[in-house]
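Colleague: 3D, please:
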Amino acid sequence: MENTLLKQINDLSLSEKILLVEDIWDSIAKENEGFELTQSQKSGLDRRINSYTDNPNQGRSWDEIKSEFLKSKIS
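Modeller: Sure, this is the predicted structure:
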């Protein structure tokens, strides 16, 4: 990777780096929409779906967690 780009990344705050990683991940996902999950990944997702179905009010949304995290890093 070009040194200028690495310096720009290193100059970002932690929350900005996290948002950058999310953007990068989203772009990778768009390019690889047809990738196949392993059986272990499928089983893990099935367990999580079943847990949510059994206890829909348990836990917090990603938006809540992300917001709390970003708020704590800004303060």
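
Colleague: hey, where'd the helices end up in the protein?
Modeller: Remark: helices assigned in the chain by DSSP state H are 3-10, 14-31, 39-54, 62-74.

Colleague: ok, Thr53 to Asp46 distance?
Modeller: Per C-beta to C-beta, to the nearest Å, Thr53 is found 10 Å from Asp46. All C-beta atoms are positioned from the backbone trio N, CA, C, and that covers glycine.

Colleague: for Ser72, that is, sorry about that
Modeller: 33 Å.

Colleague: intersection of neighbour lists for Thr53 and Asp46?
Modeller: Residues touching both Thr53 and Asp46 by C-beta atoms under 8 Å, 6 or more residues apart in numbering: none at all.

Colleague: so what's the nearest residue to Ser13 once chain neighbours are set aside up against?
Modeller: Among residues not flanking Ser13 along the chain, Lys73 sits closest, at 7.2 Å (C-beta to C-beta, 6 or more residues apart in numbering). Neighbouring residues of Lys73 by C-beta under 8 Å, 6+ apart: Ser13, Leu14, Ser15.

Colleague: before we move on, what about Ile9?
Modeller: Lys17, Leu20.

Colleague: tell me the centre residue of this structure?
Modeller: When the chain is reduced to its mean C-alpha position, the closest residue under C-alpha atoms, centre = their mean turns out to be Glu22, at 5.8 Å.

Colleague: what does the pLDDT read for it?
Modeller: At Glu22, the model reports a pLDDT of 95.

Colleague: before we move on, what about Ser72?
Modeller: 86.

Colleague: number the chain from 759, please
Modeller: Sure thing, new numbering starts at 759, so read that last one as Ser830.
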